[in-house]
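Novice: Return atomic coordinates for the entry below.
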Amino acid sequence: MFRYVQIKKEHTWPQVLCIAYNQKAYSPMILHTAINQDRPFGEKSTFKEHSHDLYHLNLYTKPGGYTLDGKYFEAAEDSLVIVSPGQRHDLVTHRGDGVYSEITFSLESRTGEPLTLPFNKVLSIYTGVDVEMGHQLQLSKEVSKAVYMSIVDITDYLETVRPLSMFYVQIRMAKIFESIITHSATCFEAEQKVNCDQRAVNVKEYIEKHYNEQITTEQLAKQCCVSKGYLFRIFKEVYGVTPVSYQQALRLQAAQVLLRSTDLNCNEISHRVGYGNVYFFHRLFKKKFAVTPKQYRNRIRTDMNKNKTAM
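Specialist: Take a look at the predicted model:
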């Protein structure tokens, strides 16, 4: 295990990660870091659930456990646990055999006033868009390794007193933030894709149940709680056609079945599949199958008679 513990605060800060909030500027101040922490270390007050005005980013390289706001959680390998100011947490008591690398920091004004926003809100200010995430992220091996190496680099820079050390520290912190933002955005997009797919499935099932009824785009959009334009886009992305085209295809397929298996006239079939205007039905059917409904029925029956004769 290797650690950095802040001895004195810097009075001149790089502005790489300077953040503005409520007309005040805040910059990151690193309290300590840890590389491969495998045993309790620090003040005894931290060996139980406690809270403070600091941010924790803990990357687990060996599974362990922790509590957050009175609830117990397990952290798998490559999990990144995020603790924001004011959250009660205990990263020690239930650690078990867990091993993690950590960076603990505050965001402070030049007068020492801490910023206590949740971490996702901090990232939202940095990016200019809403960043949604839980307190634990399951990173890929590649991203986990990149975050780990950034923590190692930060610790190395903090241990070396050079003019640009703090500048490079903040550059590496920015890389960690970028990894978290990219991971969260990717997960959000994947979740949205699943939601879009499910909405499209729901609309498809609704059309199949009511294909011969008059269904408006407003009804379908209401089923999904989305706009008409958005509904059309996600449905076409999943099935390659618009909802209207899909309903029309179902109606014409149903008409084919009735033409093959019944003696119903075209007017009756047109009404059964949902078309009140038989001439409109004729036009759609011919456009789709290159024959009229009557020609289709005659061709099917001719083929059936040929097959019977052959037998």
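
Novice: Can you pull the poorly scored residue ranges out of this protein?
Specialist: Scanning the chain with the threshold set as pLDDT under 70 gives 1-12, 42-46, 186-196, 305-311.

Novice: Would you map out the domains in it?
Specialist: Domains of the chain are assigned by automatic domain parsing as 2-189, 210-311.

Novice: now those in JSON lines, with mean neighbour count and distance to residue 198?
Specialist: For glycine as for every other residue, the C-beta is placed from the backbone atoms N, C-alpha and C. Output for the domains of the chain, formatted as JSON lines (neighbours: other Cβ atoms under 10 Å; distance: least, Cβ to Cβ, whole Å):
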{"stretch": "domain 2-189", "mean neighbour count": "17", "distance to residue 198": "15"}
{"stretch": "domain 210-311", "mean neighbour count": "15", "distance to residue 198": "9"}
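
Novice: now these in CSV, with distance to residue 204?
Specialist: As requested, the domains of the chain are exported to CSV (distance: least, Cβ to Cβ, whole Å):
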stretch, distance to residue 204
domain 2-189, 22
domain 210-311, 7
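
Novice: Between those, which one is closest to residue 203.
Specialist: Residue 203 lies closest, by Cβ to Cβ, to one member of these: domain 210-311, at 5.4 Å.

Novice: Parallel or antiparallel, list what pairs with the longest strand belonging to the chain.
Specialist: Determined from DSSP state E, the single longest strand within the chain is strand 24-37. Here strand 24-37 is paired, per DSSP bridges, with strand 2-5 (antiparallel), strand 19-21 (antiparallel), strand 99-108 (antiparallel).

Novice: Quick check: beta-bridge partners of residue 105?
Specialist: According to DSSP bridges, beta-bridge pairing links residue 105 with residue 30, residue 55.

Novice: didn't residue 171 look like it was pressed against residue 150?
Specialist: No. Using Cβ atoms under 8 Å, residue 171 is not in contact with residue 150, being 9.2 Å away.

Novice: quick one, helices of the stretch 1-150 of the chain?
Specialist: In the stretch 1-150 of the chain, the helices defined using DSSP state H, counting those that start in this stretch lie at 119-127, 141-159.

Novice: same thing with the stretch 201-311 of the chain?
Specialist: In the stretch 201-311 of the chain, helices defined by DSSP H, counting those that start in this stretch lie at 217-224, 228-239, 243-261, 266-272, 278-289, 293-310, listed in chain order.

Novice: That concludes my questions; thank you for your assistance.
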